[in-house]
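Asker: Pasting the sequence and the predicted model now:
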Amino acid sequence: METGKKDIKSYTLQELSEELLTMGEKKFRAAQIFDWLHKSQVTDFSRMTNLPETLRKRLAEVYTLVVLREVKRLSSAQDETVKFLFALPDDKVIESVFMKYKHGNSVCISSQAGCRMGCRFCASTLGGLERNLLPSEMLEQIYRIQELTGERVSNVVVMGTGEPMDNYGNLVRFLRLITDAKGQGMSIRNITVSTCGLVEPMRRFAEEGLPVTLALSLHAPNDEARRRLMPVANRYSLEEVIAACDNYFEKTGRRITYEYSLVAGENDTGADADELGKLLYKKNCHVNLIPVNPIKERDYRQSSFKNVLNFRKTLEKYNINVTIRRELGADIGAACGQLRKSHLDSDFPAKNSCGTGCEQY
Ligand code: SAH
């Protein structure tokens, strides 16, 4: 961020109007600027051609316009998944994934540079947390991908690097901006936010009037097994986390997605499936099984396909809705911080992500 300058892309229209009034400008200028930023998605104040030259100059003096720079692009040879490595204004690096589905185009965005949650199987957490992403930097991942691919994005999953509930204020602001009808105007129903289960922000989130699909990274059917895979399970019991999910469903009417990454010998036995079935029995939810993506820093192995299918069969006996996630872009390391990590490990000046690039079947 240019020092001292304000991040204009993170302001709501209301706030922008107040800013403009304080500058002695007319309120309608705010609507014009908001349109340039979030509808036309321009990268420079000089392109705001319906503003007087003097105002454009003044804006550039007071505000910074956050634009992400493409560092690297990997296109899958198997499908149309494209993974982008972007540099933030301070040259930290994040990754985002563009996926094409029959129902529309989706982008998986990062919410933090790095992550401090420490999940054992995840590459995004290996270098710890660098910093939170600003609302503008979350928006930019979508805006830039639209520009770079020439495709409209209709769906967003906040499932890239980072824990969105650990960057709560910026996440909520991002959601308000991306769904603003005067900007990108994305439907709130087309957005999924994935969390490892931070209970207090999850409860607060249920009250925001932002009924996204909430995905909970469960990965184990009991506290003991969950603690082995996810340090966050030492902070919150499974009971507390599931209660927060039930509360979210009650308040928003949105069915919870439980994500369960299957790790050979860790959480993929018949007994595990039974225990999970009992835990979720009669809940209005959906379980997404993800064969874990092995990362080179850990020796976790993917469950055999037979185990995955058996796991699903057992859950279905409990009348639970189950899908198995097919990895899109597996050939480009589209999963879980792998591209960023390999970039950080290499000699590139900049560096990055998570459970992305996935489709259900
Ligand atoms: N912090 C959030 C969102 C990012 S991770 C969360 O924990 O939900 C997105 C999903 O990918 C999570 O379910 C995460 O547990 C999963 N994931 C991370 N690394 C993975 C790997 N190597 N294989 C499979 N799933 C992984």
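Answerer: Received the coordinates, thanks.

Asker: Please count neighbours and contacts with C-alpha atoms only from this point.
Answerer: Noted.

Asker: For stretch 218-229, buried residues please.
Answerer: 218, 219, 220, 221, 222, 226, 227, 229 (16 or more other Cα atoms under 10 Å).

Asker: The second one touches residue 260, doesn't it?
Answerer: This means residue 219. Yes - here residue 219 reaches residue 260: they are 4.1 Å apart, a contact under Cα atoms under 8 Å.

Asker: Against residue 7, how distant is residue 20?
Answerer: Distance, residue 20 to residue 7, using Cα to Cα, to the nearest Å: 14 Å.

Asker: what do you get for residue 225?
Answerer: 43 Å.

Asker: Quick check, pLDDT for residue 182.
Answerer: On the pLDDT scale, residue 182 is placed at 98.

Asker: wouldn't it be in contact with residue 40 here?
Answerer: No - the pair residue 182 / residue 40 is not scored as a contact, 10.7 Å apart, by Cα under 8 Å.

Asker: about what we covered before: now render the buried residues of stretch 218-229 as TSV, adding distance to residue 90, secondary structure and pLDDT.
Answerer: Output for the buried residues of stretch 218-229, formatted as TSV (distance: Cα to Cα, whole Å; DSSP: H, G, I helix; E, B strand; the rest coil; pLDDT from 0 to 100):
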residue	distance to residue 90	secondary structure	pLDDT
218	34	coil	98
219	34	coil	98
220	37	coil	98
221	41	coil	98
222	41	coil	98
226	36	helix	98
227	35	helix	98
229	32	helix	97
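
Asker: can I get those in a markdown table with distance to residue 58?
Answerer: Below are the buried residues of stretch 218-229 laid out as a markdown table (distance: Cα to Cα, whole Å):
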| residue | distance to residue 58 |
| --- | --- |
| 218 | 49 |
| 219 | 51 |
| 220 | 54 |
| 221 | 57 |
| 222 | 57 |
| 226 | 53 |
| 227 | 53 |
| 229 | 51 |
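
Asker: Save those residues as JSON lines, and put in distance to the ligand too.
Answerer: Below are the buried residues of stretch 218-229 laid out as JSON lines (distance: Cα to the nearest ligand atom, whole Å):
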{"residue": "218", "distance to the ligand": "7"}
{"residue": "219", "distance to the ligand": "7"}
{"residue": "220", "distance to the ligand": "11"}
{"residue": "221", "distance to the ligand": "14"}
{"residue": "222", "distance to the ligand": "16"}
{"residue": "226", "distance to the ligand": "11"}
{"residue": "227", "distance to the ligand": "13"}
{"residue": "229", "distance to the ligand": "9"}
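
Asker: Spell out which residues of this structure are next to the ligand.
Answerer: Within the chain, the positions near the ligand by Cα under 6 Å from any ligand atom are 121-122, 159-163, 194-196, 216-217, 259, 261, 290, 292-295, 336, 354-355.

Asker: What is the neighbour count of residue 193?
Answerer: 22 (other Cα atoms under 10 Å).

Asker: elements contacting the host helix or strand of it?
Answerer: For residue 193, the element it lies in under DSSP states H and E is strand 191-195. Contacts defined by 3 or more Cα pairs under 8 Å, 6 or more residues apart in numbering; DSSP states H and E place strand 191-195 against strand 155-158, strand 213-217.

Asker: so what's residue 128 up against?
Answerer: Going by Cα atoms under 8 Å, 6 or more residues apart in numbering, residue 128 touches 114, 115, 116, 118.

Asker: Let's see that with 7 Å instead.
Answerer: Residue 128 is in contact with 114, 115, 116, counting by Cα atoms under 7 Å, 6 or more residues apart in numbering.

Asker: which among those gets closest to the ligand?
Answerer: When these are compared for distance to the ligand (Cα to the nearest ligand atom), residue 115 wins out at 7.6 Å.

Asker: Strand partners (parallel or antiparallel) of the strand with the most length in the chain?
Answerer: Ranked by residue count, the top strand of the chain under DSSP state E comes out as strand 93-101. In the sheet, strand 93-101 lines up against strand 82-87 (antiparallel), strand 104-108 (antiparallel) (DSSP bridges).

Asker: tell me the most buried of those strands?
Answerer: Stretch with highest mean neighbour count among the strands paired with strand 93-101: strand 82-87 (a mean of 25; mean count of other Cα atoms under 10 Å).

Asker: Could I get the average pLDDT for that strand?
Answerer: Average pLDDT, strand 82-87: 97.

Asker: List the contacts of it.
Answerer: Residues from elsewhere that reach strand 82-87 (Cα under 7 Å, 6+ apart): 68-76, 93-99, 334, 350.

Asker: Check which residues of stretch 169-179 are buried.
Answerer: Judged by neighbour count using 16+ other Cα under 10 Å, the buried positions of stretch 169-179 are 170, 171, 172, 173, 174, 175, 176, 177, 178, 179.

Asker: Report the beta-bridge partner residues of residue 132.
Answerer: Beta-bridge partners recorded for residue 132 (DSSP bridges): residue 112.

Asker: That one contacts residue 113, correct?
Answerer: Yes - between residue 132 and residue 113 there is a contact at 6.3 Å, judged by Cα atoms under 7 Å.
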